[in-house]
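>>> Fold the following.
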Amino acid sequence: MLPRSIFALLLFASLRAQAPVSAQNVNAEDIVRRSVERDWTDYQSRQNYTYQQRTETRQYDRGGKLASTKSETSEVLILGGRPYERILAHNDRPLSERDARKEQEKLDREGAKRQHESAGELSRYNKERTEDRAFIREIPDAFTFKLEGTDTVSGQPAWVIQAEPKPGYHPQRSLAKNFLKVRAKIWIEQATYHWVKLDAEVLDTLSFGFGLVRIARGSTLHFEQIRVNDEIWLPSIILARADARLALVKKLRFEFDVRYSDYKKFRSDSRLLDTAE
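Down below sits the predicted model:
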């Protein structure tokens, strides 16, 4: 899995601003600040969608030769206000009838559990989201921004902004110290201020888990969203390439490739609608 702080960066893509700003009066920092000041205003809409997620992990040897590849395909649902993944395939091979039945049984048990669990479980999940938002709010102060122009993403106009670590910035939270070691290019949709595309590069070693996981300089992250049903932005690609060291001993060179597809929307009658509908 990617470190939590990297996933927190991706949460930006769900943020919206209150209202568009006149194009004549904006600068890069204004755009970024407005994009992070809103809570997840699309969160309820996202709960109306189910989708498939295919995750492929490619590991390379020290010479850069592909050593192993494995993939897992899952269906992602919202149960009790939280995401749940049901495995559909391993290495692009559908599960056997026996394993598929086990996955359905696990889904049924989890659904029943979440229906009867205390409000505290959902509260803890929402608390994590609140903590991530506090982390995210440091972004406008942690970087200097340059408006490089405009582009089109999923048919929508977007500003293209370069973000460089701000010299002398003092992080308020421990995870935010890694902002000083990352540069990024961000595509922010002009109409809704969603972060619809992101390219990030590690400039110096990132440390996680008390230094037990280290991500090397030169590692990269690409994230992109698509416009679905002309009502919501949803993830389409996450691609991470990294050299890492685990427990200060084991070295890994890997690619983490996640593709999202088959977005379908629930209606009140519980019938699944294909996005084409």
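
>>> And the contacts of stretch 73-87?
46-47, 50-55, 72, 88-90, 92, 95, 99, 103-104, 106-107, 110-111, 114-115, 117, 121-122, 125 (Cβ atoms under 8 Å, 6 or more residues apart in numbering). All C-beta spots, glycine's among them, are computed from the backbone N, C-alpha and C.

>>> Please point out which parts of it sit buried.
For stretch 73-87, burial by neighbour count (16 or more other Cβ atoms under 10 Å) applies to T73, S74, E75, L77, Y84, R86, I87.

>>> ditto for stretch 180-192
Buried residues in stretch 180-192 (16+ other Cβ under 10 Å): L180, K181, V182, A184, I186, W187, I188, E189, Q190, T192.

>>> separation between D151 and I161?
D151 sits 11 Å away from I161, going by Cβ to Cβ, to the nearest Å.

>>> Which among the contacts of stretch 73-87 count as buried?
By 16+ other Cβ under 10 Å, the contacts of stretch 73-87 give 46, 50-55, 72, 88-89, 95, 103, 107, 110, 114 as buried.

>>> Is it possible to get JSON lines of the buried residues of stretch 180-192 that adds secondary structure and pLDDT?
Listed next are the buried residues of stretch 180-192 as JSON lines, based on DSSP: H, G, I helix; E, B strand; the rest coil; pLDDT from 0 to 100:
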{"residue": "L180", "secondary structure": "helix", "pLDDT": "91"}
{"residue": "K181", "secondary structure": "helix", "pLDDT": "93"}
{"residue": "V182", "secondary structure": "strand", "pLDDT": "94"}
{"residue": "A184", "secondary structure": "strand", "pLDDT": "96"}
{"residue": "I186", "secondary structure": "strand", "pLDDT": "96"}
{"residue": "W187", "secondary structure": "strand", "pLDDT": "96"}
{"residue": "I188", "secondary structure": "strand", "pLDDT": "94"}
{"residue": "E189", "secondary structure": "strand", "pLDDT": "94"}
{"residue": "Q190", "secondary structure": "coil", "pLDDT": "94"}
{"residue": "T192", "secondary structure": "coil", "pLDDT": "89"}
